[in-house]
Every structure is written in C-alpha cells, then in structure tokens.
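In: need a structure here:
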Amino acid sequence: MDAVLMLKTAVTLFAIAAAGGLLMVGIRLMRRENPPVALAMLHGLLAAAALALSAYAVLTAATPRSAMIALVVLLAAAAGGAVLNLSYQWKQRLLPIGLTMAHAGLAIIGFALLFVAAFGR
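Out: Presented below is the predicted three-dimensional model:
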C-alpha cells in the first residue's frame with residue numbers, strides 16, 4: 001500500500017474516532033458523568049488502529065516531516081487517553097476535565113499535522 005494512502009486512511013479513522021471523542025467530552029461536560037465504556041473503547045480502538053497505520057507508514061516509507069511530528073504528538077495523546085481510561089474510566093472515577101482537554105488538544109494538533117502530511121501536496 002502507498003504511504004500517502006495509508007496516511008489518508010489513518011486520517012479517516014482518526015476523524016471517526018474524533019467524532020466519538022467530541023461526543024464523550026459532551027457527555028462528560030453536560031451530564032457530569034463518564035461516557036459509556038463501549039463508546040470509550042470504540043474511540044480507543046479506532047484511534048489505536050489509525051495510530052498503528054500512521055506508525056507503519058512513517059517508519060517504513062518516505063513521508064513528509066509533518067507525518068513524523070504528528071506521530072509523536074499522537075503518541076502523547078494516546079498516552080493521555082490510556083491514563084484517562086486506566087486510571088479513571090476503569091476505576092469508575094470521574095474523568096478530570098484538565099487531562100481530558102489536554103488529551104483532546106494533543107489529538108487535534110496531531111490530527112492537523114497528519115492531515116497536512118496526507119492531503120497537503
């Protein structure tokens with residue numbers, strides 16, 4: 001598979017995961033409760049698939065520099081997501097707004113960089 005096509009596919013998967021992320025933030029802020037576990041797991045699964053595809057493309061093919069930067073930023077976002085899931089969602093503790101927004105902010109920056117790498121030519 002072509003590296004650019006892999007990056008475009010990853011962008012699509014991240015976009016779907018982001019829609020779920022926006023829904024989860026809305027649930028957390030409006031209802032003042034954690035989002036459903038199934039939604040959180042689907043969000044993480046889609047994001048992990050996109051991250052793996054991005055990593056494969058960046059590490060095995062010639063890709064724009066912004067793709068490598070995006071990968072690093074998205075790995076940081078994934079670490080934040082793992083902390084949110086394992087330290088809060090899993091233990092049925094209310095997700096902290098600050099960490100949730102940091103996770104979202106990193107994900108948005110990484111997504112934008114990956115989008116430029118995939119579609120910016």
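In: Where does pLDDT dip in this protein?
Out: 121 (pLDDT under 70).
In: Give the buried residues for the helix ranked longest in the chain.
Out: Taking DSSP state H as the criterion, the chain has its longest helix at helix 3-31. Buried residues in helix 3-31, counted by 16 or more other Cβ atoms under 10 Å: 3-4, 6-11, 13-14, 17-18, 20-21, 24-25, 27-28. Bear in mind the C-beta positions are built from the backbone N, C-alpha and C, glycine included.
In: Please name every helix or strand in contact with that helix.
Out: helix 37-60, helix 97-119 (3 or more Cβ pairs under 8 Å, 6 or more residues apart in numbering; DSSP states H and E).
In: angle of that helix against helix 97-119?
Out: Taking axes from the mean of the first three to the mean of the last three Cα atoms, to 10 degrees, one finds that helix 3-31 is oriented at 160 degrees with respect to helix 97-119.
In: angle of helix 3-31 against helix 37-60?
Out: Using the same axes, to 10 degrees: helix 3-31 against helix 37-60 is 150 degrees.
In: any idea how far Ala48 lies from Arg93?
Out: 22 Å (Cβ to Cβ, to the nearest Å).
In: Tell me which of the two has more neighbours.
Out: Ala48 (15 against 10; other Cβ atoms under 10 Å).
In: and the gap between that one and Met41?
Out: 10 Å.
In: One more: Gly26?
Out: 18 Å.
In: What of Gln89?
Out: Counting by Cβ to Cβ, the gap from Gln89 to Met41 is 9 Å.
In: Please say which of these two ends up with more neighbours.
Out: Gln89 (21 against 13).
In: so who does the more buried one touch?
Out: 34, 37, 40, 95 (Cβ atoms under 8 Å, 6 or more residues apart in numbering).
In: For it, give its distance to Ala17.
Out: Relative to Ala17, and taking Cβ to Cβ, Gln89 is found at 16 Å.
In: Alright, calling it a day.
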